[in-house]
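**Student:** My questions concern the predicted model and sequence given below.
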Amino acid sequence: MVKKQILFLMGVSGSGKSTIGKLLADKLQFPFFDGDSFHPEANVKKMKEGHPLNDDDRQGWLEKLNEVGIENLSTGAVIVCSSLKQKYRTILGKNLENNHQFVYLEGSFELIDSRLRERKNHYMPAGLLQSQFDDLETPLDALTVSIDQTPDDIVNDIIEKL
Ligand SMILES: Nc1ncnc2c1ncn2[C@@H]1O[C@H](COP(=O)(O)OP(=O)(O)OP(=O)(O)O)[C@@H](O)[C@H]1O
Ligand SMILES: O=C(O)[C@H](O)[C@@H](O)[C@H](O)[C@H](O)CO
């Protein structure tokens with residue numbers, strides 16, 4: 001059985017965080033929170049207009065997701081958040097001590113770009129993918145899984161490694 005903990009599912013836009021996060025939370029019977037829906041309106045507008053977010057834009061959003069983690073410590077939770085830089089991961093993990101884990105969905109630019117171009121009804125333009133890779137600081141201490149497999153296999157891979 002997987003320990004109750006806060007799992008931050010991280011990776012660039014289009015790496016599959018929302019898709020995998022829902023399946024993982026279902027399988028573990030953890031509550032699920034999608035960081036996409038915690039952005040202030042101004043952030044969503046900025047991304048829609050094709051501009052990447054900066055550190056200041058992300059600050060309050062990361063703090064809010066940290067609070068969500070703290071509030072759900074007793075049940076465990078899956079929280080989707082790109083978590084691109086180390087300093088963002090420090091904000092997210094504040095006061096969660098050893099009760100949280102980053103799970104990194106790793107894939108190539110080419111694979112993710114092709115998935116983003118197929119994706120419908122989402123505010124994040126595929127054209128922002130390069131800026132996401134530019135900001136990405138590969139985590140050294142995350143549980144890392146390849147996204148070049150089916151969603152079910154990715155979820156099983158994560159659970160095996162937890
Ligand atoms: N393992 C997979 N195999 C094939 N397609 C996938 C896989 N995972 C996700 N997808 C598809 O790739 C697209 C991006 O996935 P998703 O929206 O879950 O990514 P995301 O990381 O949550 O993106 P964002 O951060 O922009 O919200 C979606 O259209 C989804 O259906
Ligand atoms: O940190 C960021 O640049 C943003 O959070 C993006 O990653 C979006 O939230 C999301 O991925 C778009 O759907």
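**Tutor:** Received it, and whenever you're ready, just let me know what you need. Ligands and ions are numbered 1, 2, ... in the order given.
**Student:** if you look at the lengthiest helix in the chain, does any of it touch ligand 1?
**Tutor:** Longest helix in the chain by number of residues (criterion: DSSP state H): helix 55-71. No - for helix 55-71 and ligand 1, the contact criterion (Cβ under 6 Å from any ligand atom) is not met; the two come no nearer than 12.7 Å. Glycine gets a C-beta too; all of them are placed from N, C-alpha and C.
**Student:** For that helix, name the packing helices and strands.
**Tutor:** When contacts are defined as 3 or more Cβ pairs under 8 Å, 6 or more residues apart in numbering; DSSP states H and E, helix 55-71 packs onto strand 6-10, helix 41-48, strand 77-80, helix 86-92.
**Student:** Now the next helix or strand after the last one: average pLDDT?
**Tutor:** So the one you mean is helix 86-92. Scanning forward in sequence from helix 86-92 by DSSP states H and E, the next helix or strand is strand 100-106. Per-residue pLDDT over strand 100-106 has a mean of 98.
**Student:** can you list contacts of strand 100-106?
**Tutor:** Contact with strand 100-106 is made by 5-11, 15-17, 20, 69, 83, 89, 92-93, 138-139, 141-147, 154, 158, 162, as judged by Cβ atoms under 8 Å, 6 or more residues apart in numbering.
**Student:** at 7 Å what do you get?
**Tutor:** 5-11, 15-17, 20, 69, 83, 89, 93, 139, 142-147, 158 (Cβ atoms under 7 Å, 6 or more residues apart in numbering).
**Student:** Quick check: what element follows that strand along the chain?
**Tutor:** Moving toward the C-terminus from strand 100-106, the next helix or strand (DSSP H and E) is helix 109-118.
**Student:** if we can go back for a sec, PyMOL command to pick out the buried ones of the contacts of strand 100-106?
**Tutor:** Selection of the buried residues among the contacts of strand 100-106 in PyMOL, burial being defined by 16 or more other Cβ atoms under 10 Å:
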select buried, resi 5+6+7+8+9+10+11+15+16+17+20+69+83+89+93+139+142+144+145+147+158
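**Student:** so which of the contacts of strand 100-106 are also by ligand 2?
**Tutor:** Of the contacts of strand 100-106, not one also sits near ligand 2 (Cβ under 6 Å from any ligand atom).
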